[in-house]
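Q: below is the sequence, then the predicted model.
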2 protein chains.
Amino acid sequence: MLYFKCSNHVGERFGRMLAIGKVPLPTLERLATYLTALTDLRMGNVETISSTDIETRTGVNAPQFRKDLSYFGEFGRPGIGYNVRDLHARISAILNLDRTQPVLLVGVGNLGSALLGYPALRAENFRIVAAFDNNPAKIGKSVWGLAVKDIADLTTENARLKARIGIITVPSSAAQEVAEKLVEANVATILNFAPAILKLPRKITVRNVDFVQELAVLSFYLTKES
Amino acid sequence: MLYFKCSNHVGERFGRMLAIGKVPLPTLERLATYLTALTDLRMGNVETISSTDIETRTGVNAPQFRKDLSYFGEFGRPGIGYNVRDLHARISAILNLDRTQPVLLVGVGNLGSALLGYPALRAENFRIVAAFDNNPAKIGKSVWGLAVKDIADLTTENARLKARIGIITVPSSAAQEVAEKLVEANVATILNFAPAILKLPRKITVRNVDFVQELAVLSFYLTKES
């Protein structure tokens, strides 16, 4: 359920915008992996890396790495390699993570609470700026320093917060309704943890994370014998 | 493409074994989705469904659904449709979920604890039978009714529990070491939530769930304007 969109927005990000409909999803997924690796390298004050270093760190082979980057222009210098700070900055910009990305979370149960306390999001410029629930026992309580808000106030709150990414961690029976509320509140992309198929306007990008599905795929590969 | 026309259980099992290396991953992922939908239908006492019903429930179009099933033999009857109980049983068997699948979890932090309390796993025959940590403050404590065990006892415990699936919810710095311990303890497949690339023997199947990666892919699709 991933919909590519076209845009005629022109500006500094013209290259990125041109590429948006052409970049294969696995390339995008790997870009995020490179970004995480580069964040680590920057923290370790590493200045230059080769595509072989990337292979060692991410498991993605060097030709694939170079091909992934080629969608977005010229990177690195032959015989010298890639400047870590520069490559990090450029991949950040491609992924719109060169600025803080505010995120809304709906459903402050066990999983939602765990995500609110997940430190890796912050390292890549994601900030969960508000968490919502419909349970009066939860509304107003503080979870990881964030006061849980009433789901009824989602649109009003987001008029101020302007988050474009939403995370759904409600039970599957409530997922569709919550997704529609997020779209109403001007969220454009949704990370859905509920095992439910969301039906939303085409312009909304959805990614589903389904733990049961992940385990079922693994289970398929088990043989009867050890 | 290979077709297996096996109607009895033994033949079906044999077909599964033959097909194991040939089934595309997206097909497997969709099988898990069908299974979840069929579990709901069974609970709702629905007896028969069409591939169009599957499309409505899962978002997968009817021809794709039929093609996915075709890897595993003949299913359904023209003009009548699919018997829910039968289709559920056969997909369960394909995914090795016609029996209880014991699962080990390592890392009882926020995310690990949330997974221990995740009800949907149980609905599909997964049972987290033991949870491990290396933190003395956690070992022996009960989380969702399960006493947290010492990671040092992983191999000994699993000699008895015989789980073949492991879940890693430790910080990324500890993930490789934990993965190796799981392999030593005879686990064959791993669901890894740590943002780390695991280096393991080829026979081990790993699936990675990386929340930062998921959000970064969504972030890519954001435009500057609303």
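A: Received it, and whenever you're ready, just let me know what you need. Numbers count the residues shown, from 1 in each chain, chains lettered A, B, ... in the order given.

Q: which non-adjacent residue is nearest the residue nearest the centre of chain A?
A: Chain A has residue A:191 as the residue nearest its centroid, 7.6 Å off, counting by C-alpha atoms, centre = their mean. For residue A:191, ignoring the flanking residues on the chain, the nearest one in space by C-beta to C-beta, 6 or more residues apart in numbering or on different chains is residue A:167 at 4.8 Å. Backbone N, C-alpha and C define where each C-beta goes, glycine included.

Q: thinking again about what came up before, got the contact list for the residue nearest to the centre of chain A?
A: Contact criterion C-beta atoms under 8 Å, 6 or more residues apart in numbering or on different chains gives A:165-168, A:206-207, A:209, B:211, B:214-215, B:218 as the residues in contact with residue A:191.

Q: keep only those of these that are in helices.
A: B:211, B:214-215, B:218 (DSSP state H).

Q: in the sheet, who's paired with the residue nearest to the centre of chain A?
A: Residue A:191 has these beta-bridge partners by DSSP bridges: residue A:167, residue A:207.

Q: which ones are touching residue A:165?
A: Contacts were defined as C-beta under 8 Å, 6+ apart; by that measure residue A:165 touches A:101-104, A:126, A:187-191, B:215, B:218-219, B:222.

Q: of the ones in helices among the contacts of residue A:191, list those near chain A.
A: Contacts with chain A within the ones in helices among the contacts of residue A:191, as defined by C-beta under 8 Å from any C-beta of the partner chain: B:211, B:214-215, B:218.

Q: could you identify which of these has the most neighbours?
A: Within those, most neighbours by other C-beta atoms under 10 Å in any protein chain shown means residue B:218, with 28 neighbours.

Q: for it, what are its contacts?
A: If you count contacts by C-beta under 8 Å, 6+ apart, residue B:218 has them with A:165, A:189-191, A:205, A:207.

Q: in JSON lines, list those along with distance to residue B:29 and pLDDT.
A: Compiled in JSON lines, the contacts of residue B:218 are given as follows (distance: C-beta to C-beta, whole Å; pLDDT from 0 to 100):
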{"residue": "A:165", "distance to residue B:29": "23", "pLDDT": "98"}
{"residue": "A:189", "distance to residue B:29": "20", "pLDDT": "97"}
{"residue": "A:190", "distance to residue B:29": "19", "pLDDT": "98"}
{"residue": "A:191", "distance to residue B:29": "17", "pLDDT": "98"}
{"residue": "A:205", "distance to residue B:29": "18", "pLDDT": "95"}
{"residue": "A:207", "distance to residue B:29": "13", "pLDDT": "95"}
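
Q: before we move on, the earlier item: using JSON lines, lay out the ones in helices among the contacts of residue A:191 together with pLDDT.
A: As requested, those are arranged in JSON lines below (pLDDT from 0 to 100):
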{"residue": "B:211", "pLDDT": "94"}
{"residue": "B:214", "pLDDT": "95"}
{"residue": "B:215", "pLDDT": "96"}
{"residue": "B:218", "pLDDT": "96"}
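
Q: which among the residues you listed gets closest to chain A?
A: residue B:218 (3.8 Å; C-beta to the nearest C-beta).

Q: against residue A:167, how distant is that closest one?
A: With the distance defined as C-beta to C-beta, to the nearest Å, residue B:218 ends up 10 Å from residue A:167.

Q: shared neighbours of the two, anything?
A: Common neighbours of residue B:218 and residue A:167, using C-beta under 8 Å, 6+ apart, are A:190-191.

Q: would you confirm that residue A:200 contacts residue A:208?
A: No: with contact taken as C-beta atoms under 8 Å, residue A:200 and residue A:208 are classed as non-touching, separated by 11.9 Å.

Q: more neighbours, those two?
A: In this view residue A:200 and residue A:208 are compared by other C-beta under 10 Å, and residue A:208 has more residues nearby, 22 against 17.

Q: could you check how far the more buried one is from residue A:190?
A: 9 Å.

Q: which residue ranges of chain A form helices?
A: All helices of chain A, identified by DSSP H, fall at A:14-19, A:25-43, A:51-58, A:62-70, A:84-94, A:110-116, A:119-123, A:154-161, A:172-184, A:211-220.
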